[in-house]
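Novice: model the following, please.
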Amino acid sequence: MIVLLAYLSLGFLGLRFLVVGVNFLFHFTPGKFPCRESRKISVLIPARNEEKHMARILDCLLKQDYKNLEVLVCDDHSTDSTALILEEYSQKHPEITWFKGDNLKPGWTGKNYACHQLAGKAKGEILLFLDADMEIHGDIISCMAGYMKKNRLALLSIFPKQILMSRGERATVPVMNWILLSLLPLPLVHFSKRRSFSAANGQFMMFKGHVYHKLQPHAIVRSSPVEDIEIMRLYKKNAFPCATVLGDLRVQCRMYSSYNEAIQGFSKNVLHFFSGRLIWTLFYILFTSFGLLFIALWSLPYFFPALGVAILSRVLIALASHQNVVLNLLMVPLQHISFLRMVSLALIQKSRGNLEWKGRKIEL
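Specialist: Numbering: from 1, shown residues only. As a prediction, the model looks like this:
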């Protein structure tokens, strides 16, 4: 039995290393594709209690080199000072407008409904949905629009560099890139038509406007708490070309500010990395938790090369994600415990049939 488990562990480790290598060698650098046109881009921001982030993202947008922008924000019934900040900026800068969203309709998540309303008011030929906690710098919008045009994409998403300021964040946030970059070769998101090769990040999603208005994707996935992946699958189902790339220092985000917040947040989508299937989730947990032990119990001469491959995989993922390599390696045990907590909480929420996020209950 142990021999079989060791062989499976070696095979799975080798496959994941191959995926990591592909993503490390072939991930896109946004700076190579500047935009040479001036179509209007609508930057659309759903916001609910974002007083900590709103001024920063608006300042970032005002500094962008792409001048034909309109910035539209939907205040999703915030109870903090988000609306006051938006009013102040809209008075000073005519390119920034905002509105208070309608009351949430049954069957919708708050973010999907806010995005749907934003798209209905947008005038741009390109729609860029941004989360309020993003930081964007330099010419990133211009470069992403250029990449979309060059590759004739209908949907382009990016995984930003994650800002990690506390031990709790370092123990949780890198888990997302660890799973993504070791399971999904990102070039296949673009080159394969299979919906299983779908990955997107709702923090930054750029759409070709007329395709978006035709499909109405946020309306179709209205009840999904992981709308980003569902929307990309919808685009692939309708044969519209998509891509997802890794960002650089010009596109950053501090997703969560504490350990518990990150565990809660990632529990919403961690099962979707495994297509929502419990069997694949358990397989991944078994061989990432005990794979090296199975190999060591079978053969020590194979254990040390396998350990080297596992460490090298972590190094390449940290480099591709613009994260601190040494800190990431030191945090691996805590990150794995965090991953197990995320999965446990996700399974509890799934059995319960709902989860709570930003003061709202979401049915699963």
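Novice: residues contacting the closest residue to Met331 other than its chain neighbours?
Specialist: Using CB to CB, 6 or more residues apart in numbering and skipping the chain neighbours, the partner closest in space to Met331 is Arg170 (5.1 Å). In this view, the C-beta of every residue, glycine as well, is placed from N, C-alpha and C. If you count contacts by CB atoms under 8 Å, 6 or more residues apart in numbering, Arg170 has them with Leu164, Leu327, Asn328, Met331, Leu334, Gln335.
Novice: please identify which pair of the residues you listed lies farthest apart.
Specialist: Leu164 and Leu334 (12.5 Å; CB to CB).
Novice: between the two, tell me which one has more neighbours.
Specialist: In this view Leu164 and Leu334 are compared by other CB atoms under 10 Å, and Leu164 has more residues nearby, 21 against 16.
Novice: Ser257: how many residues sit nearby?
Specialist: 14.
Novice: can you give me the helices in the stretch 51-200 of the chain?
Specialist: Remark: helices assigned in the stretch 51-200 of the chain by DSSP state H, counting those that start in this stretch are 54-62, 82-92, 110-121, 140-150, 167-170, 174-183, 186-191.
Novice: next, the buried residues of the fourth one.
Specialist: Taking 16 or more other CB atoms under 10 Å as the neighbour-count basis, helix 140-150 is seen to contain the buried residues Ile140, Ile141, Ser142, Cys143, Met144, Ala145, Gly146, Tyr147, Met148, Lys149.
Novice: make TSV out of those and add distance to His210 and pLDDT.
Specialist: Below are the buried residues of helix 140-150 laid out as TSV (distance: CB to CB, whole Å; pLDDT from 0 to 100):
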residue	distance to His210	pLDDT
Ile140	23	89
Ile141	19	91
Ser142	21	89
Cys143	22	88
Met144	18	89
Ala145	15	90
Gly146	19	88
Tyr147	19	88
Met148	13	91
Lys149	14	89
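Novice: which of those residues lies closest to Phe99?
Specialist: Of the buried residues of helix 140-150, the one sitting nearest to Phe99 (CB to CB) turns out to be Ile141, at 22.1 Å.
Novice: any idea how far the nearest residue to that closest one once chain neighbours are set aside is from Met144?
Specialist: Spatially, and ignoring its direct neighbours in sequence, Ile141 is nearest to Tyr66 (4.8 Å; CB to CB, 6+ apart). Distance of Tyr66 to Met144, computed by CB to CB, to the nearest Å: 10 Å.
Novice: swap in Tyr235?
Specialist: 16 Å.
Novice: show me where the stretch 101-250 of the chain dips below the pLDDT cut-off.
Specialist: Within the stretch 101-250 of the chain, not a single segment meets pLDDT under 70.
Novice: the strands in it, which residues?
Specialist: 126-130, 134-136, 155-159, 161-162, 204-208, 242-246 (DSSP state E, counting those that start in this stretch).
Novice: next, the buried residues of the second one.
Specialist: Applying a neighbour-count criterion of 16+ other CB under 10 Å, one finds Met134, Glu135, Ile136 buried in strand 134-136.
Novice: that strand packs against which elements?
Specialist: Helices and strands touching strand 134-136, by 3 or more CB pairs under 8 Å, 6 or more residues apart in numbering; DSSP states H and E, are helix 54-62, strand 251-253.
Novice: most tightly packed of those?
Specialist: Highest mean neighbour count among the helices and strands packed on strand 134-136 (mean count of other CB atoms under 10 Å): strand 251-253, with a mean of 23.
Novice: skip the chain neighbours and tell me the closest residue to Leu8.
Specialist: According to CB to CB, 6+ apart, the nearest residue to Leu8 is Phe287 (6.6 Å).
Novice: what number of residues lie near that neighbour?
Specialist: 19.
Novice: surely it touches Gly11?
Specialist: No - look at Phe287 against Gly11 with CB atoms under 8 Å: they stay out of range, at 9.2 Å.
Novice: picking up where we left off before, quick one, phi/psi of the residue nearest to Leu8?
Specialist: Backbone torsions of Phe287, given as degrees, to the nearest 10, read phi -90, psi -20.
Novice: cool, and the one 4 residues further on?
Specialist: Dihedral pair for Gly291: phi -60, psi -50, per degrees, to the nearest 10.
Novice: where's Phe339, which helix or strand?
Specialist: When elements are assigned from DSSP states H and E, Phe339 belongs to helix 332-352.
Novice: next, the angle from that helix to helix 174-183.
Specialist: For helix 332-352 against helix 174-183, the angle by axes from the mean of the first three to the mean of the last three CA atoms, to 10 degrees is 90 degrees.
Novice: list the buried residues for whatever helix or strand comes next after helix 332-352?
Specialist: As assigned by DSSP H and E, the chain's next helix or strand after helix 332-352 is strand 354-357. Using 16+ other CB under 10 Å as the test for burial, strand 354-357 gives Leu355, Trp357.
Novice: for strand 354-357, which strands pair with it and how are they oriented?
Specialist: Using DSSP bridges, the strands paired with strand 354-357 in its sheet are strand 360-363 (antiparallel).
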